[in-house]
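>>> Fold the following, please.
(chains A and B)
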There are 2 protein chains.
Amino acid sequence: MSLPASPEALLIDLAGVLHIGDQLIPGADESLAKLRAAGLKLVFLTNTTRTPRSTLVTKMRALGLDVRDEELLTAPGATMNLVRSRGLHPLWIVHPDLRAEVGPDATSPDAVVLGDAGAHFDYPTLNIAFRHIMRGLPFVAMARNRHFKEEDGLSLDMGAFVAGLEYSTGVKADIAGKPAAPFFQAALDLAGVSAGQAIMIGDDLRDDIGGAQALGIPAVLVRTGKYSPADENDPDMRPDAVMDDFKTFADVLLSPP
Amino acid sequence: MSLPASPEALLIDLAGVLHIGDQLIPGADESLAKLRAAGLKLVFLTNTTRTPRSTLVTKMRALGLDVRDEELLTAPGATMNLVRSRGLHPLWIVHPDLRAEVGPDATSPDAVVLGDAGAHFDYPTLNIAFRHIMRGLPFVAMARNRHFKEEDGLSLDMGAFVAGLEYSTGVKADIAGKPAAPFFQAALDLAGVSAGQAIMIGDDLRDDIGGAQALGIPAVLVRTGKYSPADENDPDMRPDAVMDDFKTFADVLLSPP
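Sure thing, here's the model as predicted:
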């Protein structure tokens, strides 16, 4: 695969690409504005499941990032679509901040949905989830990220708890966010473009790059966020391009041929 | 493999074989006494890592099970041997009840040791472990059991947290308890017998049966505890015999030929 010379849409990961925690990645604000001014359709895809979407948009705008609500696809949003389309009534294991967005737990749940409860993960709740899955309830997870970049270093992401429950139950979770194909397809649909007319930009080799490429979307890995040099020598996954940061990507894309 | 007609030693799992929580498995007490009276050497191997060994022995005796301290090999004990033999100074993630047995955490730990913290597993501690492992500290786990049987059903065991940290760090844990070969070898050494002179009896297909057989120890699966009928059709592991319970095993072994 190679990068399209004149893409119509950009699918952009947030954390690790445009910002890290409360810090803007230098130049990301101006580069985003330039890409928007150049007429590119923008879709933002995030696997963050600790923060409600309204807070996320407010936070991006406070950093000077012009991220608009109607352009934002989140893993919790994708999960709620999946739950609705299957008519499920889940037990939700989520961060307290996300409770209002997903609504209350069903009295007699017929599915288990795992989000990133973060510091609120606890054994009693995980054991309830374990027992539900063992008696046959479907197991849905918003994402299965290994780790994410915080201001003070990499931190354990919800993928650890997905992998742990999968190991103990012997049941594979259905992932709603990246790298699930329907999530990337929803991004293409939102932009109204086909896979070859878009470029994905992310810092996660498996979830951003691998997930996009599986649908035929060319993908650029940035050397910011959770990026590690080992990502450039992965035996299984190869980004279509690797660039220092989002600003470099924008400069290359917008430079005259 | 087949069962030796006249074994010299029995390696016996505790939870799920002799008792379930605070309940004796019917007949296990008398059968154990008969096997002991018949002159068989007994070694008890447990992966329980929530309970200190003194409490464990007291608990067994309260159930009428003649389990003696000098015959007991525990996963925490095996872990401490491993830690000492490698000269490690770990951060211990353990159940509060086990803290006195393992001692305090090192100020500057050079290893991470995971036990079954049970209801005390929490995200902040797991994230500290994650960060230590990511910066290269060895990762040791007392066990990696998937689940265990409680009075009110199967519960999530510490293997979920081992698998989760392995997934997020990309680092495999060294397991000190079952099914690790050194743990079974220690049991043979304690009994002073070779693999072919012993029989392992357990309710965990992978950790008890698979672990023993890997060292050439014939192994009997009992249909109690965490046993599931699917265990009898596992594509990878086949017990040398499957018996209804510990009493049945003892009756068969002690019946005249």
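>>> how about the residues of the stretch 1-150 of chain A near chain B?
Contact residues, the stretch 1-150 of chain A versus chain B (Cβ under 8 Å from any Cβ of the partner chain): A:117-124, A:126-127, A:130-131, A:134, A:146-147. Where C-beta positions appear, they are placed from N, C-alpha and C, glycine not excepted.
>>> ugh, wrong one, I meant the stretch 151-257 of chain A
Going by Cβ under 8 Å from any Cβ, the residues of the stretch 151-257 of chain A near chain B are A:153-157, A:159-170.
>>> Going by neighbour count, which of those residues are buried?
A:154-157, A:159-169 (16 or more other Cβ atoms under 10 Å in any protein chain shown).
>>> which of the residues of the stretch 1-150 of chain A next to chain B tops the neighbour count?
residue A:130 (26 neighbours; other Cβ atoms under 10 Å in any protein chain shown).
>>> measure that one to residue A:86 for me?
Between residue A:130 and residue A:86 the computed distance is 21 Å (Cβ to Cβ, to the nearest Å).
>>> Okay, buried residues for stretch A:93-102 please.
A:93, A:94, A:95, A:98, A:101, A:102.
>>> partner residues bridging the first one?
What it means is residue A:93. residue A:114 (DSSP bridges).
>>> Can you give me the pLDDT of it?
At residue A:93, the model reports a pLDDT of 97.
>>> Repeat that for the fourth one.
Reading off the confidence values, residue A:98 has pLDDT 93.
>>> which residues touch it?
A:49, A:50, A:51, A:52, A:76, A:115 (Cβ atoms under 8 Å, 6 or more residues apart in numbering or on different chains).
>>> Can you give me the neighbour number for the residue lying closest to residue A:234 once chain neighbours are set aside?
Nearest non-adjacent residue to residue A:234, counting by Cβ to Cβ, 6 or more residues apart in numbering or on different chains: residue A:205, 6.0 Å away. Residue A:205 sits with 23 neighbouring residues when counted by other Cβ under 10 Å.
>>> For residue B:202, see how far away residue A:205 is.
Distance from residue A:205 to residue B:202, by Cβ to Cβ: 40 Å.
>>> same question, residue A:201
For residue A:201, the distance to residue B:202 - Cβ to Cβ - is 51 Å.
>>> Over to residue A:48?
Distance from residue A:48 to residue B:202, by Cβ to Cβ: 43 Å.
>>> Show me which of those two is the more surrounded one.
residue B:202 (31 against 26).
>>> Got the confidence number for the more buried one?
Value for residue B:202, per-residue pLDDT: 98.
>>> Can you list phi and psi of it for me?
The phi/psi pair for residue B:202 (degrees, to the nearest 10) reads phi -150, psi 170.
>>> Let's see which of the residues of the stretch 151-257 of chain A next to chain B end up in helices.
A:159, A:160, A:161, A:162, A:163, A:164, A:165, A:166, A:167, A:168, A:169 (DSSP state H).
>>> ranges for the helices of the stretch 151-257 of chain A?
A:159-169, A:181-191, A:211-214, A:246-254 (DSSP state H, counting those that start in this stretch).
>>> can you redo those as TSV with distance to residue B:243 and mean pLDDT?
Shown next, in TSV, are the helices of the stretch 151-257 of chain A (distance: least, Cβ to Cβ, whole Å; pLDDT from 0 to 100):
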stretch	distance to residue B:243	mean pLDDT
helix A:159-169	26	98
helix A:181-191	47	97
helix A:211-214	48	98
helix A:246-254	64	97
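>>> how close does residue A:212 sit to residue A:196?
Distance, residue A:212 to residue A:196, by Cβ to Cβ: 12 Å.
>>> meant to ask about residue A:114
With Cβ to Cβ as the criterion, residue A:114 and residue A:196 are 34 Å apart.
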